[in-house]
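# got a predicted model here, sequence first, then my questions.
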Amino acid sequence: MNITQENIDDLNAIVKIELTPEDYQSKVDNALKMARKQMTLPGFRAGQVPMSLVKKKHGKGVLADEMNKVLQSALGRHIQETQLRVLGNPLAKTADDQGGDWENPSNFIFEYEVGLAPLVEVKITTKQKLEYFKVKVDDKLIERQMSDLAKRYGKMSEPEVSGENDLLIGTLIELKKKEIKPGGIMNETTISLEHLDDKKTKTALVGTKPEDEITVKLRKLANSDADLAKLLGLSIADAKAVKSDFMFRVKEIKNIVPAEYNAELFDKLFGPGSITTEEEFKRRTKEDLEKMFNLDTEKIFRRKMIEHLINTTDIPLPDEFLKRWITKTSDKNLSPAELEIEYPNYKRSLCWQLIENNIAAKYKIQVTEEDAKVKAKELMTAQYAQYGLPLDDEQLDAFAMQALAKEEDSKYIYDTLVEERIAEAVKGEVKLVEKQLAYEDFLAWAQS
């Protein structure tokens with residue numbers, strides 16, 4: 001066997017493997033012997049079929065299989081021994097039937113295209129500024145959250161006419177020249193009159209009855225792009241592109257009378273005896289909101305950090321090789337046009353992976369099994385807390401081990417931990433622009 005490598009440039013190489021019968025023939029012979037033992041043919045006892053017939057039926061397939069095993073093993077050793085930084089997997093450049101004479105096997109030559117990863121050096125300095133904004137948890141936000149919590153255990157009624165604190169359930173219908181647009185957007189949604197800021201829109205919707213139809217402007221119904229997307233049942237990008245007026249057709253009216261701030265409500269929300277007064281309720285609500293928004297800040301910071309590092313780090317990639325590799329390995333059977341649409345997202349993901357590896361190595365970031373178990377328990381605790389279901393240590397251990405046993409869940413946990421630790425390392429190097437924002441401004445920052 002002879003293996004040679006030709007570097008086309010810094011990002012592409014050709015690996016050539018020359019095989020002789022000494023490299024594969026004994027393996028082929030052993031595989032044919034195994035096939036003979038399992039082969040049955042009328043007129044012959046099991047395992048006694050003449051080898052000539054075995055070769056006639058299985059020869060080419062066995063040769064191809066065994067040769068492929070030899071080639072893959074050889075490629076793996078070459079990559080390891082030469083410490084090649086490969087992207088994706090090598091692609092066979094020469095078709096199988098062109099590597100040699102398959103009717104009379106002798107010497108074969110195979111060539112593989114190899115995509116090489118660039119050397120990445122991520123620069124993180126105090127000259128770089130990254131925003132790290134938090135929500136200002138003021139009395140208005142606290143009181144709104146307390147009211148929402150009380151409504152969760154309140155009493156619901158269905159008034160005939162809507163009031164200013166009611167919930168409208170109905171359909172948003174796209175208009176064109178004040179008429180229903182044929183084939184336009186139509187989405188079942190809800191509108192909370194209590195939280196509408198635009199007085200004119202709120203006035204138009206208060207006093208409505210089921211089957212009433214009111215022309216509305218979308219931007220007057222939504223406080224953020226996320227709210228707009230939810231109203232229309234679209235992605236944020238698609239919702240932002242909508243400019244039409246809409247009709248809202250009222251279907252139902254719901255009125256919720258909040259539960260009183262008393263021991264019965266406090267016990268339902270926080271457990272028996274945890275909170276006993278309205279002042280304690282307010283303090284606990286503030287603490288919970290701050291914890292929730294701090295988590296949001298961390299998530300948004302990490303997302304913006306990733307975008308910043310990708311945009312400020314020069315990472316050349318063997319694009320044409322990667323496109324061929326994706327085309328050959330994807331189970332989506334992508335057309336050339338679809339590939340061009342998908343490739344930028346794949347490229348972005350790959351760039352972040354290279355950046356992540358560089359930072360992790362530079363700051364010696366590692367995640368142990370115990371780290372992953374602690375994180376899994378933390379995630380489980382938060383998940384079940386949303387439903388008011390506390391878990392004891394034994395239950396947490398069991399759920400954590402179940403999550404880590406699943407490949408997808410385990411990968412998410414490990415990736416999250418690495419990302420969190422990279423964010424901590426970055427925060428220690430760059431200049432953080434810290435500021436408290438009103439909730440609406442925080443949402444705008446999150447969506448920017």
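On my side now, so go ahead.

# report the longest helix in this structure, please.
helix 278-312 (DSSP state H).

# mind giving me the packing neighbours of that helix?
When contacts are defined as 3 or more C-beta pairs under 8 Å, 6 or more residues apart in numbering; DSSP states H and E, helix 278-312 packs onto strand 129-135, helix 139-152, helix 263-270, helix 336-362, helix 407-427, helix 439-447. (C-beta placed from N, C-alpha, C; glycine too.)

# output the below-cut-off pLDDT ranges for this structure.
In the predicted model, the chain carries pLDDT under 70 at residues 94-99, 386-390.

# mind redoing it with 50?
Across the chain, the ranges flagged by pLDDT under 50 are 97.

# any buried residues in the lengthiest strand in it, and which?
If you go by DSSP state E, the chain has its longest strand at strand 246-257. Applying a neighbour-count criterion of 16 or more other C-beta atoms under 10 Å, one finds 246, 247, 248, 249, 250, 253, 256 buried in strand 246-257.

# what about the residue nearest to residue 196 when sequence neighbours are not counted, how many neighbours?
Distance criterion C-beta to C-beta, 6 or more residues apart in numbering; nearest residue to residue 196, sequence neighbours excluded, is residue 202 at 4.3 Å. Residue 202 is flanked by 17 other residues according to other C-beta atoms under 10 Å.

# and what of residue 211?
Count around residue 211 with other C-beta under 10 Å applied: 9.

# ok, residue 132 next?
When neighbours are counted by other C-beta under 10 Å, residue 132 registers 18.

# ok, now how distant is it from residue 431?
Distance of residue 132 to residue 431, computed by C-beta to C-beta, to the nearest Å: 10 Å.

# try residue 253
Plainly put, residue 253 is 52 Å away from residue 431 if you go by C-beta to C-beta.

# hang on, the earlier thing: what's the angle between the longest strand of the chain and helix 139-152?
Using axes from the mean of the first three to the mean of the last three C-alpha atoms, to 10 degrees, one finds that strand 246-257 and helix 139-152 are set 80 degrees apart in direction.

# what helices and strands are in contact with strand 246-257?
Contacts defined by 3+ C-beta pairs under 8 Å, 6+ apart place strand 246-257 against strand 155-157, strand 167-176, strand 213-216.

# ok, that strand: who's next to it in the sheet?
strand 155-157 (antiparallel), strand 167-176 (antiparallel), strand 213-216 (antiparallel) (DSSP bridges).

# right, and the helix or strand after the longest helix of the chain?
Next helix or strand after helix 278-312 toward the C-terminus (DSSP states H and E): helix 319-329.

# how long is stretch 376-394 end to end?
End-to-end span of stretch 376-394 (C-alpha to C-alpha, to the nearest Å): 13 Å.

# mind listing what's buried in it?
So for stretch 376-394, counting by 16+ other C-beta under 10 Å, buried means 376, 377, 379, 380, 391.

# tell me which element the second one is part of?
Yep, that's residue 377 we're talking about. helix 369-385.

# quick one: that helix to chain centroid distance?
19 Å (C-alpha atoms, centre = their mean, to the nearest Å).

# other residues contacting it?
For helix 369-385, the external contacting residues (C-beta atoms under 8 Å, 6 or more residues apart in numbering) are 390-391, 396-397, 399-401, 403-404, 409-410, 413-414, 416-417.

# among those, which two are most distant?
Across the contacts of helix 369-385, no pair lies farther apart than 390 and 414, at 26.2 Å, counting by C-beta to C-beta.
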